[in-house]
Every structure is written in structure tokens, then in C-alpha cells.
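Asks: coords please:
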Amino acid sequence: MLRVLQKIRQRLIEEGNLKRYLMYALGEIVLVVVGILIALQINNWNEYRKMQQKEIVLLQDLHKDLASNAATLREELNKNQKVINNLELLINHFENGLTFTDSFAILLPTIQYTYQLVLVTSGFESLKSTGFDILHSNELKLQIINLYDKEYTGVTQWINTGSINKADVFQSVFSDLPRGDISSHYKEILSHDKLFNLIKANQNWKEEVINRLTLLLQETLEVMGVVEKALLE
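Replies: Purely as a prediction, here's the structure:
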């Protein structure tokens, strides 16, 4: 192609036809510019495809994390509901002076155990490392950042810190209880006001934990839906 253009240019020069030569030169410039623009467009298209493919991979990883977190939150909701049920059984013994049962002896020590909420964030960290600008949807970007940086972080810290603090208080109260078989000191334990008040307070706290976990699960599922929609586009 270049050889053909060179021959045409050389022939026009030899003929001394300035007007035709200038028109040819202008056409050659236009041809070069068009070629450059086409090359740039192809390059931009390739880069856009690469960005799209990378966005899809990141969203797929994020979706897996959200699905895992949704399962964890459902499990935590069930676990905390069981704790509340156990606390209600204990409270019933305290408030109504029920006859000692083996279930009371089994459940009482378990209320001092703590549960730590751990959510998966690897997909979010990968996205943050790559840069949120890779997401073509600003709405999705804001929802993801809000869920992970605000909701996940806030609720996790609140639950885990509260669990540790309450475990320390329970251990302190349990250290004041009479030693030995619970059945032998049952009436004394039922008269322990500090323990009863602590159990009641823990029941209220667990109910608030369930409320926050429920909202967090709803928000997780909402973001999951938006991510799924983005993957289908």
C-alpha cells in the first residue's frame, strides 16, 4: 500500500501538476488521520472489553461473598433466637420459682458464652484495590461501599464488642455464685438479683442483636439483587 502511494506521489511530482499533487497530499493526510482514528477506536474498544470482563469477575466474586454473608447472617439469627429462648426459660425459673430441672443446670452456664460475627470481605477488598470506577453503575458502587464500610463494619464491631463485654460481666457474676452442683444451690441462685438482672439485660440485648442482623440481612439481599442485575446486563 505504501509503495503504491509513493509511486502516485512521485508521478504527480514528475508531471508538475501542483493542484493535483496538493489534492493528493490532502487525501493522504485524511487517509492517515482516519487510519489513526480507527486504530484508536479499536484500541478503546478492546480496553473497554477488558474492563467489562474484569468488572464481571469482580462482581461474581462479590456476589459469592454476599451469598456467604447472607447464609452467615441467617445462621446467626437462628443462633441468637435459640439464646433468647434459653434465656426466657431461665427467666421463667427466676420469676416463678419453678422446681429445679436439669435443663436449668444445663442452660445456666451457657449464657456466658460469646459469639463473634465474622463476615466475608475478600471480594470487596479486591474491588477496592482495583478501584470502584471500574463499576459502570454509580448506584451500585454507593450501595456496595455503604454496605461494607458502614453497615458491615458498624454492626460487626457493635456485636463483637458487646459480646466480649457481656462475657466479662457474666464471668464476674458467675464467680460470685456458690461452687458445686447447681441443684444443691438452686434456691440461692434464684435469689441472686444481680444474675437475674444480667440475664434480663442480655435478653434485651439479644433482641436488639436480632433486629440489627435482620436489617443487615435485608440490605445484603438487596445489594445481591442489584449485583445479579448488573451481571445480566
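Asks: apart from its chain neighbours, what residue comes closest to Tyr113?
Replies: On the basis of Cβ to Cβ, 6 or more residues apart in numbering, the spatially nearest residue to Tyr113 that is not a chain neighbour turns out to be Ala167, at 7.3 Å. The way it works is simple: take the backbone N, C-alpha and C, and place the C-beta from them, glycine included.
Asks: helix, strand or coil for the one you found?
Replies: Three states are possible here, and by DSSP: H, G, I helix; E, B strand; the rest coil the one that applies to Ala167 is helix.
Asks: where does it land on pLDDT?
Replies: On pLDDT, Ala167 comes in at 83.
Asks: what about it, distance to Thr161?
Replies: According to Cβ to Cβ, to the nearest Å, Ala167 stands 11 Å off from Thr161.
Asks: mind checking which of those two has more residues around it?
Replies: Taking Ala167 and Thr161 together and counting by other Cβ atoms under 10 Å, Ala167 has the greater number of neighbours (15 against 10).
Asks: so for the chain, the centremost residue is which one?
Replies: Tyr148 (4.7 Å; Cα atoms, centre = their mean).
Asks: what sits against the residue nearest to Tyr113?
Replies: Applying Cβ atoms under 8 Å, 6 or more residues apart in numbering, one finds that Ala167 lies in contact with Gln112, Tyr113, Thr114.
Asks: what's the burial count for the closest residue in space to the first one that isn't next to it in sequence?
Replies: So the one you mean is Gln112. Counting by Cβ to Cβ, 6+ apart, the nearest residue to Gln112 once its immediate chain neighbours are dropped is Phe170, at 3.7 Å. Using other Cβ under 10 Å, Phe170 has 19 neighbouring residues.
Asks: cool, and Tyr186?
Replies: Residues lying near Tyr186 (other Cβ under 10 Å) number 20.
Asks: could you give the backbone dihedrals for it?
Replies: Geometry field for Tyr186 lists phi and psi as phi -60, psi -50, criterion degrees, to the nearest 10.
Asks: before we move on, what about Leu90?
Replies: Note on Leu90: backbone dihedrals following degrees, to the nearest 10 are phi -70, psi -40.
Asks: where does the residue nearest to Gln112 land in three-state SS?
Replies: In three-state terms, and counting by three-state DSSP, Phe170 is helix.
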